[in-house]
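Undergrad: Take this sequence and fold it.
(2 chains)
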There are 2 protein chains.
Amino acid sequence: MAEASSDSGEPALGFPVHEFEARVQRAQAAMMAAGMAGMLFTTEAEFRYFSGFRTLFWQSPTRPWFLFVPVDGKPVAVIPEIGAELMRRTWLDDIRTWPAPAPDDDGLSLLVDLLMPMAAAGAKIGLPKGHETSLRMPLGDWERLTRHLAGVVFCDCTAIVRDLRMVKSAREIDKIAHICAIASRGFAAAGDLFFEGQPLTESFRAFRRQCLAEGADDVPYLVGGAGPGGYRDIISPPADRPLQKGDILMLDTGATFDGYFCDFDRNFAIGAADDQAKRAYDVLYRATEAGLAVARPGATCCDLFAAMHAVIATFDPGTGEVGRLGHGLGMQLTEWPSHAPFDNTVLRENMVITLEPSLGYGDGMIMVHEENIVVGDGPPRLLSARAPRDLPIIG
Amino acid sequence: MAEASSDSGEPALGFPVHEFEARVQRAQAAMMAAGMAGMLFTTEAEFRYFSGFRTLFWQSPTRPWFLFVPVDGKPVAVIPEIGAELMRRTWLDDIRTWPAPAPDDDGLSLLVDLLMPMAAAGAKIGLPKGHETSLRMPLGDWERLTRHLAGVVFCDCTAIVRDLRMVKSAREIDKIAHICAIASRGFAAAGDLFFEGQPLTESFRAFRRQCLAEGADDVPYLVGGAGPGGYRDIISPPADRPLQKGDILMLDTGATFDGYFCDFDRNFAIGAADDQAKRAYDVLYRATEAGLAVARPGATCCDLFAAMHAVIATFDPGTGEVGRLGHGLGMQLTEWPSHAPFDNTVLRENMVITLEPSLGYGDGMIMVHEENIVVGDGPPRLLSARAPRDLPIIG
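TA: The predicted structure is shown next:
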């Protein structure tokens, strides 16, 4: 029912400056409406979204990084000296650095210099305080900073960032489509990659290597499981146990290209599948179809949840509780919104989301399906190659 | 001068229960001395250290996770339902879950239930607030929690966690040694992997694939650069630019095995090297030797910095400022301590650290060397195979 994924070759790396300008302008209009003098960010995705600064160095917890997006003018970076050269290659002009790490003053003096004029005016400065956010700096430093800047009202700007980031640009969609196509080709090779007797740790390595060979920059997220008739958990690293005939194998992958993720899984039966697993698979396939039929501009995430849940409920009394049936996707493996009863987010064109129905069955087993789509003007565009209609038997 | 790395095959996954018991007992002795009723953790490394709970699911920012380590008794997990099955496989007994995500109450009621008796007593509860830490939960939820638990004194427990985690167990060292040996074999293949005309993006993919083939679970961290006569930045993702004769290529990798990192880099000249690059390499090789000569129990990180810096200062007037010349290593790519003038940490046996001298040269170029070692009773044990004495020319 939805179009097959198409991938028109490797997208150019990065984004043109006007795309960052447009993001900041939209943020500034929202800040103006909310009476904010600016927004302060400490987290990787927000840094990258507004500045284009991309590095894996965020994996080191040592140094804090600060980006201030004022209500007027370009963002200001307050960052460790080690990032200065890379930041100078972005569209930013005002880059202030210190020789971090410096536990006694890890950027705080520079931040106080920058924000003190606003503190004197009792300004409102936004920072993300809401769902799916966190503050990436030592809590002790945050307490000191807010004492120094006691005049500032630090308010929550999660809604502004969420609204901006949920709708993707054409270039963002191209990058996500590209990595989805790569991972789809990786899964298409499953029959060659996975076999009876293979330790699951090796299955995971083989899949990672295949995705890299297909053009992924990396496969930072790969979880899954395997067990007789089904798996019991969907966030595990692999065990040493060899795959056995009758196992249901699931791999759920977040591979990346140019800093954008895919996030979908596939299920396989090793050698043979029992009826229970086949039925679970069939229910989830149909639940995904129900989601695809509802994913239109104007529908809510809550509607999406209801449509998928109605199919699942015909089979599962409610044991496989994962809290939601899909989510947003982009620079992070999972992003706002959530397909859940609590989330009334209205779908808009160019939102990239996952449909991720799951169910519990048998004695504590769980099964998950997942596809990645773009909400369009009409039926959604599938970015992941649609899973096979029936549980594939391999090995 | 230091022993070559030895790797006695693939270590068993995970840890026996008594290792977690010993970690918690040491933490409890420190809490007792500090008058704390417990410690509250929200971050991956601390979760894993005390419970054994390991998953890549932390990459999803959606759900908060809480681990309470009381001054007496086993840790208590307050976690999203999606993690219950995996947590039940750890040594913990008290696992409290909620159907996250639930933005209106993402674990807060469960935390309040758990901690309210301590609030009534005005107890001190530690949480990491210091250098290299952060609070992984929405700041708004933290503000709500502290209002609910106004009786609790939330104090900083960074020093307790830091002291525990800096010294590694024999099993932890085995895992780090194993991944260091794997990445060393990956770098040993450089002459086959990297060549003139290869886009740097492809060099990175080739190295990742090689490390996976050698037995790495993953290569989550891989940064570097290449340029004529040298590179200018040490935290970049790769560009499309093809390698050219006369380039200096650097790859810095954090590969993982069973959740433990290596972190070291290697430099290569493509086809030819100019004298300036050769001299920079020689200085850094000798700076590392100076670090190896000083890395003994009783020396400080500050001493290590001074020994390496004294060699570097003969060459570099101080342009290549990265803030420190090495750090701890383990479950995170970088951990406490820092080899820097501010860090007076005394080296102890079984600390795993990097020696990472760097310098600036020419017109804005930088060079970095890095080795991974275990502090021993006597000379340190090299975990990374020592870099070649002279700048290797490949391609």
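
Undergrad: and the nearest residue to A:Pro128 once chain neighbours are set aside, what pLDDT?
TA: Nearest residue to A:Pro128 in three dimensions, chain neighbours excluded: A:Thr158, at 4.8 Å (C-beta to C-beta, 6 or more residues apart in numbering or on different chains). Any C-beta I mention is one placed from the backbone N, CA and C, and that applies to glycine too. A:Thr158 is assigned 98 on the pLDDT scale.

Undergrad: and A:Thr158, what does it touch?
TA: Residues near A:Thr158 by C-beta atoms under 8 Å, 6 or more residues apart in numbering or on different chains: A:Pro128, A:Lys129, A:Gly130, A:His131, A:Glu132, A:Thr133.

Undergrad: What of A:Pro341?
TA: Counting by C-beta under 8 Å, 6+ apart, A:Pro341 touches A:Cys302, A:Phe305, A:Ala306.

Undergrad: Helix, strand, or coil at it?
TA: Classification of A:Pro341 by DSSP: H, G, I helix; E, B strand; the rest coil places it in coil.

Undergrad: Narrow the contacts of A:Pro341 to those in helices?
TA: A:Cys302, A:Phe305, A:Ala306 (DSSP state H).

Undergrad: mind putting the residues you listed in a markdown table, distance to B:Pro117 included?
TA: Output for the ones in helices among the contacts of A:Pro341, formatted as a markdown table (distance: C-beta to C-beta, whole Å):
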| residue | distance to B:Pro117 |
| --- | --- |
| A:Cys302 | 37 |
| A:Phe305 | 37 |
| A:Ala306 | 40 |
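
Undergrad: Now flag whichever of those is closest to A:Ile179.
TA: Within the ones in helices among the contacts of A:Pro341, the smallest distance to A:Ile179 is 25.5 Å, found for A:Phe305 (C-beta to C-beta).

Undergrad: so where is chain A shaky, pLDDT-wise?
TA: Within chain A, the segments meeting pLDDT under 70 span A:1-8, A:318-322.

Undergrad: can you give me the helices for it?
TA: So, for chain A - with DSSP H - the helices run A:17-34, A:44-51, A:84-88, A:108-120, A:139-148, A:158-166, A:170-188, A:190-193, A:200-213, A:275-294, A:301-312.

Undergrad: Let me have those helices in CSV, adding distance to A:Asn372 as columns.
TA: Output for the helices of chain A, formatted as CSV (distance: least, C-beta to C-beta, whole Å):
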stretch, distance to A:Asn372
helix A:17-34, 22
helix A:44-51, 18
helix A:84-88, 29
helix A:108-120, 38
helix A:139-148, 35
helix A:158-166, 15
helix A:170-188, 5
helix A:190-193, 18
helix A:200-213, 15
helix A:275-294, 11
helix A:301-312, 14
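
Undergrad: B:His369 is nearest to which of these?
TA: Going by C-beta to C-beta, the one of those nearest B:His369 is helix A:84-88, 18.5 Å.

Undergrad: Apart from its neighbours in sequence, what residue is nearest A:Arg162?
TA: The shortest distance from A:Arg162 to any non-neighbouring residue, by C-beta to C-beta, 6+ apart, is to A:Trp336 (4.8 Å).

Undergrad: does any bit of stretch A:174-190 sit next to chain B?
TA: No: using C-beta under 8 Å from any C-beta of the partner chain, stretch A:174-190 stays clear of chain B, coming no nearer than 11.2 Å.

Undergrad: which outside residues touch that stretch?
TA: Contacts for stretch A:174-190 (C-beta under 8 Å, 6+ apart): A:5-8, A:10-11, A:168, A:207, A:210-211, A:214-216, A:251, A:253, A:255-262, A:264, A:266, A:268, A:329-330, A:352, A:372, A:374, A:383-385, A:392, A:394.

Undergrad: Just the buried ones from these?
TA: Among those, the ones that count as buried by 16 or more other C-beta atoms under 10 Å in any protein chain shown are A:5, A:7, A:11, A:168, A:207, A:210-211, A:214-216, A:251, A:253, A:255-262, A:264, A:266, A:268, A:329-330, A:352, A:372, A:374, A:383-385, A:392, A:394.

Undergrad: Of these, which ones also sit close to chain B?
TA: A:Gly215, A:Ala216, A:Gly259.

Undergrad: if we take those, which one ends up nearest to A:Arg23?
TA: A:Gly259 (14.7 Å).

Undergrad: Next, the closest residue to the closest one other than its chain neighbours: phi, psi?
TA: The shortest distance from A:Gly259 to any non-neighbouring residue, by C-beta to C-beta, 6+ apart, is to A:Arg54 (5.0 Å). Here is the backbone geometry of A:Arg54 (degrees, to the nearest 10): phi -130, psi 120.

Undergrad: residue contacts, the nearest residue to A:Val375 once chain neighbours are set aside?
TA: Nearest in space to A:Val375, with sequence neighbours left out and distances taken as C-beta to C-beta, 6+ apart, is A:Met351 at 4.5 Å. Counting by C-beta under 8 Å, 6+ apart, A:Met351 makes contact with A:Met166, A:Val167, A:Lys168, A:Gly328, A:Pro337, A:Val374, A:Val375.

Undergrad: let's see 7 Å
TA: Under the criterion of C-beta atoms under 7 Å, 6 or more residues apart in numbering or on different chains, the neighbours of A:Met351 are A:Met166, A:Val167, A:Gly328, A:Val375.

Undergrad: and what of A:Phe342?
TA: Shown in contact with A:Phe342 (C-beta under 7 Å, 6+ apart): B:Ala102, B:Pro103.

Undergrad: sorry, back to before: neighbour-wise, give me the winner out of the contacts of A:Pro341.
TA: A:Phe305 (22 neighbours; other C-beta atoms under 10 Å in any protein chain shown).

Undergrad: my guess is A:Phe50 contacts A:Ala22, does it?
TA: No: applying C-beta atoms under 7 Å, one finds A:Phe50 not in contact with A:Ala22, separated by 10.9 Å.

Undergrad: okay, those two: which has more neighbours?
TA: Between A:Phe50 and A:Ala22, counted using other C-beta under 10 Å, the more crowded position is A:Phe50 (25 against 13).

Undergrad: hmm, stretch A:37-48 in reach of chain B?
TA: No: using C-beta under 7 Å from any C-beta of the partner chain, stretch A:37-48 stays clear of chain B, with a minimum separation of 8.2 Å.
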